[in-house]
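J.: 3D model of this:
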Amino acid sequence: MDNQQEIFDKGYLLGILDGEGTVHLSIGRYKSQKGYKGATILKPRVNVVANTNAWIVQKIVNILNRHNLPHWVRETQRTKANKRFYVVMIEGMKRVPKFIEWVGGTEFAKKKQLGVLEDFIKLRQRDSGRPRGKNGYPLYTDEEWSLWQKCKDLNQRVPQRLHVTHPTG
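T.: Numbering: from 1, shown residues only. Below you'll find the predicted structure:
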C-alpha cells in the first residue's frame, strides 16, 4: 500500500473518530470468564464510529481491514425509528496498542484520550506482582483508577462557542 493511501485512510478514520466516536476506559464486571466472576474490569476501548449509516460503517471497516487492525462491529436495532445502529470498536489490551501504533504522531482531537489509554496499558502490563482480589483477578492501583478518571474528565462535554468578530469598514 502506498503512503498516500495510508495518509488518506488515517485522516478519514480519525475525522470520523473525532466526530462520531469515543476513546475511553470502559468499566464492567466479569460474568464468569476465567473464574473471575464479579471482578471489576477496566478495558481500553476506541469506538471509532457509532452510526446508523451502513456506508460510513463499511468504509471504516474496510480501512481497518486494509491496515490489519483488529476490531469488532456491534449491530443493534435500538433507535426510535427502528433503524440498525452500528458501533465499530477496537477494544482490549492487545488490539488498542496496535491502533495506537498505527495512528502514530498524527494530530486529532481525541489524541489526549488515546494517550491516557496508552499510559493505562503500559502501567497494567508492567505490574506483574500486584495483589489479587478474592476472585483472583489482579486489583487496580490508585494510579490506574486516576487514569480512568482522567479519561472520563477529558471526555466531558464542554460548551463550545465560536466567537467570530465581523470585520467592519
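J.: in contact with the most centrally placed residue in the chain: list those residues for me.
T.: Residue closest to the mean C-alpha point of the chain, counted by Cα atoms, centre = their mean, is Val46 at 1.4 Å. Counting by Cβ atoms under 8 Å, 6 or more residues apart in numbering, Val46 makes contact with 17, 21-23, 89-91, 96, 99, 114, 117. The C-beta positions use only the backbone N, C-alpha and C, and glycine is treated the same way.
J.: would you indicate which residues of the strand ranked longest in the chain are buried?
T.: For the chain, the longest strand by residue count, based on DSSP state E, is strand 40-51. Within strand 40-51, the residues scored as buried using 16 or more other Cβ atoms under 10 Å are 42-49, 51.
J.: figure out the helix or strand that Tyr12 lives in.
T.: Per DSSP states H and E, Tyr12 falls inside helix 3-20.
J.: quick one: that helix to chain centroid distance?
T.: Relative to its parent chain, helix 3-20 has a centroid offset of 15 Å by Cα atoms, centre = their mean, to the nearest Å.
J.: helices or strands up against it?
T.: Applying 3 or more Cβ pairs under 8 Å, 6 or more residues apart in numbering; DSSP states H and E, we find helix 3-20 packed against strand 40-51, helix 54-66, helix 95-103.
J.: export it to PDB, keeping only CA atoms.
T.: Output in PDB follows, covering the C-alpha atoms of helix 3-20 (Å, rounded to 0.1, in the frame of the first residue of the first chain):
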ATOM      1  CA  ASN A   3       1.900   6.100   1.600                       C
ATOM      2  CA  GLN A   4      -0.800   8.400   0.100                       C
ATOM      3  CA  GLN A   5      -3.500   5.800   0.700                       C
ATOM      4  CA  GLU A   6      -2.400   5.300   4.300                       C
ATOM      5  CA  ILE A   7      -2.400   9.100   5.000                       C
ATOM      6  CA  PHE A   8      -5.900   9.300   3.500                       C
ATOM      7  CA  ASP A   9      -7.100   6.400   5.500                       C
ATOM      8  CA  LYS A  10      -5.800   7.800   8.800                       C
ATOM      9  CA  GLY A  11      -7.300  11.200   8.000                       C
ATOM     10  CA  TYR A  12     -10.700   9.800   7.200                       C
ATOM     11  CA  LEU A  13     -10.800   7.400  10.100                       C
ATOM     12  CA  LEU A  14      -9.600   9.900  12.700                       C
ATOM     13  CA  GLY A  15     -12.000  12.500  11.300                       C
ATOM     14  CA  ILE A  16     -14.900  10.100  11.900                       C
ATOM     15  CA  LEU A  17     -13.500   9.100  15.300                       C
ATOM     16  CA  ASP A  18     -13.300  12.800  16.300                       C
ATOM     17  CA  GLY A  19     -16.900  13.500  15.100                       C
ATOM     18  CA  GLU A  20     -18.700  10.200  15.900                       C
END
